[in-house]
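J.: My questions are about this predicted structure, shown below with the sequence.
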Amino acid sequence: MSDKLEKSLLEELYWKKGLSIRQIAKKLGKSKFGIHYWMEKYKIPRRSFKIKSNLKEKLVKMYKNGESTCSIARKLKMDKSSVFRCLKESCIKIRSHSEAAKLGVIKGRIKIQKHIIPASSKVLTKEKAYMMGVLCGDGYLCYIPEKRLYQISLEATDKEFVEKFAECLYKVYGIKIDVDYVPVRILDWSDKFRARLCCKVACEDLLRYDTTYKTFEWKIPGCIKESTLEIIAEFIKGFADSEGGVDKGTRRIGMSSVNKEGLEEIKLLLELFGIRSKVKSKSKKYKKGFVLRIQDRKSIEKFAKVIGFIIKRKSNALSACLEEYKFYTTPHEEVKKLQPKLLELRKQGYSFNEIAKMSNISIATVWRNTNNLKDRNRLIP
């Protein structure tokens, strides 16, 4: 595991200074799971914690009277995990999330807000198009009326990406939401940031377009396809920020998904900007999955100019990729399609230079695909 912690430091903070694992994590800027990992590795003994009987009775009584575990922990100045442990030791049944929520509403701790979204939210703007692109990728839309679950959210490691998503939600629906820090429990994984809006009318607004946003089923809504190039570019940018990346080694942009039909639709949208791309199956080590690749210089330059990335590390990788290019090339498959046209132009007496300008390819490419052939007689009229 990276960022090794010294045993002496942990012993001093935990035993001599009496800090909890949570407090040590905050002090050192680490996750509590990382602190717990090193304490277990060094076999540092844990403090035993016993709750006095009178305090335990008070805690149980508060819980039976409808207090939440968070409220009890705050009032008794205890850790929430200690409250749970005390209730389990007292053989008290812990309320489910649904039961706790209903009781919170009855007791007045939870107030159900009915959001009223502006009429302008029905208009397809650049911000809404970006959001829809994200929801077809890393974003999440949950709409389960029978369970009263309505949620639009994004959780990712890049803070600027999540902040952009939250900003778009605010501009479209007029509801300000916070970007929360989410520490992960899996060692060596990066911590994440989350933006979440729980709003029934906002979910219904996004679902009125002809798509579900589900991983295997999403498709590009008709309103996006029929919209302006600016709107289309924002949708593709949202999807690229979610599922896209830049491989500097092979100098290409890739967008991944298990939904091949969805990627094929993205490919058609890219063609509107003159961007060449191809959808291929992933390598054999992946059971399922497809990747859309953009790999010629002109197409990558156009992508950078009209679409690009919000995520800084992806944007920087794209700039670095373009700086490494020295020549312009045309993909082999595109040249193969042009070959009959090139041959016909040579038969008509056009020079290599003239054909290159007419076909928007290099002179060398024209020469290789017309003059350097086994059967040169077919060039003679």
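T.: Perfect, thanks for sending it.

J.: quick one, strands of the stretch 151-300 of the chain?
T.: Using DSSP state E, counting those that start in this stretch, the strands of the stretch 151-300 of the chain run over 179-182, 192-197, 244-247, 252-257, 278-281, 290-294.

J.: low-confidence ranges in the protein?
T.: The model of the chain has pLDDT under 70 over residues 1-3, 48-50, 185-188, 283-287, 326-329, 331, 372-381.

J.: Walk me through the domains of it.
T.: The chain breaks down by automatic domain parsing into domains covering 7-41, 53-107, 119-229, 240-323, 332-379.

J.: chain center to the fourth one, what's the gap?
T.: Here the centre of domain 240-323 is set off from its chain's centre by 15 Å, with C-alpha atoms, centre = their mean, to the nearest Å.

J.: quick one: the helices in the stretch 201-350 of the chain?
T.: 222-225, 229-243, 260-271, 297-306, 312-323, 332-347 (DSSP state H, counting those that start in this stretch).

J.: which of the residues in the first one are buried?
T.: Taking 16 or more other C-beta atoms under 10 Å as the basis for neighbour counts, the residues of helix 222-225 that come out buried are 223-224. Yep, even glycine has a C-beta here, placed from its N, CA and C like the rest.

J.: tell me the most buried of the helices of the stretch 201-350 of the chain?
T.: Of all the helices of the stretch 201-350 of the chain, helix 229-243 has the most neighbours on average by mean count of other C-beta atoms under 10 Å, namely a mean of 23.

J.: Skipping its backbone neighbours, what lies nearest C223 in space?
T.: Leaving out its chain neighbours, the residue that sits closest to C223 by C-beta to C-beta, 6 or more residues apart in numbering is L124, at 5.5 Å.

J.: Quick check: the one you found vs S8, distance?
T.: Applying C-beta to C-beta, to the nearest Å, the value for L124 to S8 is 60 Å.

J.: Let me see the contact set for the residue nearest to C223.
T.: Residues in contact with L124 (C-beta atoms under 8 Å, 6 or more residues apart in numbering) are 223-224, 227, 231.

J.: repeat that with 10 Å
T.: 132, 172, 209, 221, 223-224, 226-228, 231, 235 (C-beta atoms under 10 Å, 6 or more residues apart in numbering).

J.: Secondary structure class of L141, three-state.
T.: Three-state call for L141 (DSSP: H, G, I helix; E, B strand; the rest coil): strand.

J.: How many neighbouring residues does it have?
T.: L141 has 21 neighbours, counted by other C-beta atoms under 10 Å.

J.: what's across from it in the sheet?
T.: I152 (DSSP bridges).

J.: Show the backbone phi and psi for the nearest residue to I106 once chain neighbours are set aside.
T.: Using C-beta to C-beta, 6+ apart and skipping the chain neighbours, the partner closest in space to I106 is G66 (7.6 Å). Backbone geometry at G66, expressed as degrees, to the nearest 10, gives phi 100, psi 0.

J.: burial of G66, as a residue count?
T.: Neighbours around G66, by other C-beta under 10 Å: 14.

J.: picking that back up, out of the strands of the stretch 151-300 of the chain, flag the one nearest V162.
T.: For V162, the closest of the strands of the stretch 151-300 of the chain is strand 192-197, at 4.3 Å, according to C-beta to C-beta.

J.: Contact partners for the residue lying closest to G174 once chain neighbours are set aside?
T.: For G174, the nearest residue in space outside its immediate sequence neighbours is P118; the separation is 5.2 Å by C-beta to C-beta, 6+ apart. By C-beta under 10 Å, 6+ apart, the contact list for P118 reads 172-175.

J.: Turn those into JSON lines, including distance to I144 and neighbour count.
T.: JSON lines is the format used below for these (distance: C-beta to C-beta, whole Å; neighbours: other C-beta atoms under 10 Å):
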{"residue": "V172", "distance to I144": "22", "neighbour count": "23"}
{"residue": "Y173", "distance to I144": "20", "neighbour count": "25"}
{"residue": "G174", "distance to I144": "24", "neighbour count": "14"}
{"residue": "I175", "distance to I144": "20", "neighbour count": "18"}
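
J.: Good, we can wrap up now.
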